[in-house]
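Trainee: pasted the sequence and its predicted model underneath.
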Amino acid sequence: MTIHLNSQSDLEDAVHALVKQDPRLNPILELTGMPALRQREPGFAGLAAIVCGQQLSTASAGAIWARLAAAFDPFDHEVIGKARADRLGRLGLSAAKIKTLKNIARELAAERLNLEVLAEEDADAAHHTLTALHGIGPWTADVYLLFCLGHGDAWPAGDIAIQEAIKIGLGLQTRPTAKQMAPLAEPWRPLRGAAAHLWWSYYRILKKREGVLADKLTPATSPGPRARKP
């Protein structure tokens, strides 16, 4: 059964279960305190916001998303599917991102893609479904699953902040690669999403800066953190 992190209470229950599974995480939790749940808008708009923010600073991504949200109301796949590419470009989207959003819109319109059912799928299967889409890389897929769908086992293995936190927290000599992050997280299944929240909190303590979207920001004002890997 898939565990969902749809409320702060869900996250707290998951974190408590997590530290029982792996006592190595207990000192991390004692240092950070209970992490706050990070949530984003689900559906096409949530995925589009993350795509818009790929490889951009938070400020630049936020400005582009604000223009898009103002220009298209509602911001859904039908509207974007019909929108002219040159208009999207004038709002700040690159040709590659326009192609990605158009492709997602076509898949949704043709009912070959259902973003809602991904919340119930195995995390690895849902990850594969999203990364099979043009322009959707591992980091984007995992952040969508975790923040937008509340998937309790989503694991953003390519996130640099989590990698750095794990390196320090587990006493590793070097920062683990995305490939190395998979076996490291095996002890945390099916709660890898809760582990991600905990490691982001640890990163914030270590570096005195956010590794993920700040709580005060919303999808309407910013598409989120800078993507480490599309």
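Mentor: Perfect, I can see it now.

Trainee: when you work out contacts or count neighbours from here on, use the C-alpha atoms and nothing else.
Mentor: OK.

Trainee: for the one residue sitting closest to the centre of the chain, which non-adjacent residue is spatially closest?
Mentor: Nearest to the centroid of the C-alpha atoms of the chain, with distances taken as C-alpha atoms, centre = their mean, sits Val143, at 1.1 Å. In this structure, Val143 finds its nearest non-sequential neighbour in Pro156, 6.4 Å apart by C-alpha to C-alpha, 6 or more residues apart in numbering.

Trainee: surely the one you found touches Trp139?
Mentor: Yes - counting by C-alpha atoms under 8 Å, Pro156 touches Trp139, with 5.7 Å between them.

Trainee: so for these two, which sits in the more crowded spot?
Mentor: Summary of the neighbour comparison: Pro156 and Trp139, criterion other C-alpha atoms under 10 Å, with Pro156 having more neighbours (26 against 23).

Trainee: so who does the more buried one touch?
Mentor: With contact set as C-alpha atoms under 8 Å, 6 or more residues apart in numbering, Pro156 has these partners: 138-139, 142-143, 162, 196.

Trainee: related to what we said a few turns ago, the residue nearest to the centre of the chain and Leu149, how far apart?
Mentor: For Val143, the distance to Leu149 equals 9 Å [C-alpha to C-alpha, to the nearest Å].

Trainee: now do Pro74
Mentor: 20 Å.

Trainee: same check on Ile64?
Mentor: When distance is defined by C-alpha to C-alpha, Ile64 is 23 Å away from Leu149.

Trainee: more crowded one of those two?
Mentor: Set side by side, Ile64 and Leu149 give different neighbour counts by other C-alpha under 10 Å, the larger being at Leu149 (26 against 21).

Trainee: you'd agree Leu115 is in a strand?
Mentor: No - counting by DSSP: H, G, I helix; E, B strand; the rest coil, Leu115 is located in no strand; its state is coil.

Trainee: that one and Ile98, how far apart?
Mentor: From Leu115 to Ile98 the distance is 19 Å (C-alpha to C-alpha).

Trainee: if you count surrounding residues, which of the two has more?
Mentor: It is Ile98, of Leu115 and Ile98, that has more neighbours when counted by other C-alpha under 10 Å, with 24 against 19.

Trainee: where does that one fall, secondary structure wise?
Mentor: Counting by DSSP states H and E, the secondary-structure element that holds Ile98 is helix 95-109.

Trainee: what mean pLDDT does that helix get?
Mentor: Per-residue pLDDT values over helix 95-109 give a mean of 97.

Trainee: CA atoms only for it - export them in CSV, please.
Mentor: The C-alpha atoms that make up helix 95-109 are tabulated as CSV, following Å, rounded to 0.1, in the frame of the first residue of the first chain:
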residue,chain,number,x,y,z
ALA,A,95,11.7,26.4,-27.0
ALA,A,96,12.6,23.2,-25.1
LYS,A,97,10.1,24.0,-22.3
ILE,A,98,7.4,24.9,-24.7
LYS,A,99,7.9,21.5,-26.4
THR,A,100,7.8,19.7,-23.1
LEU,A,101,4.6,21.4,-21.9
LYS,A,102,2.9,20.9,-25.3
ASN,A,103,3.8,17.2,-25.2
ILE,A,104,2.4,16.7,-21.7
ALA,A,105,-0.8,18.5,-22.7
ARG,A,106,-1.2,16.2,-25.7
GLU,A,107,-0.6,13.1,-23.6
LEU,A,108,-3.2,14.3,-21.1
ALA,A,109,-5.7,15.2,-23.8
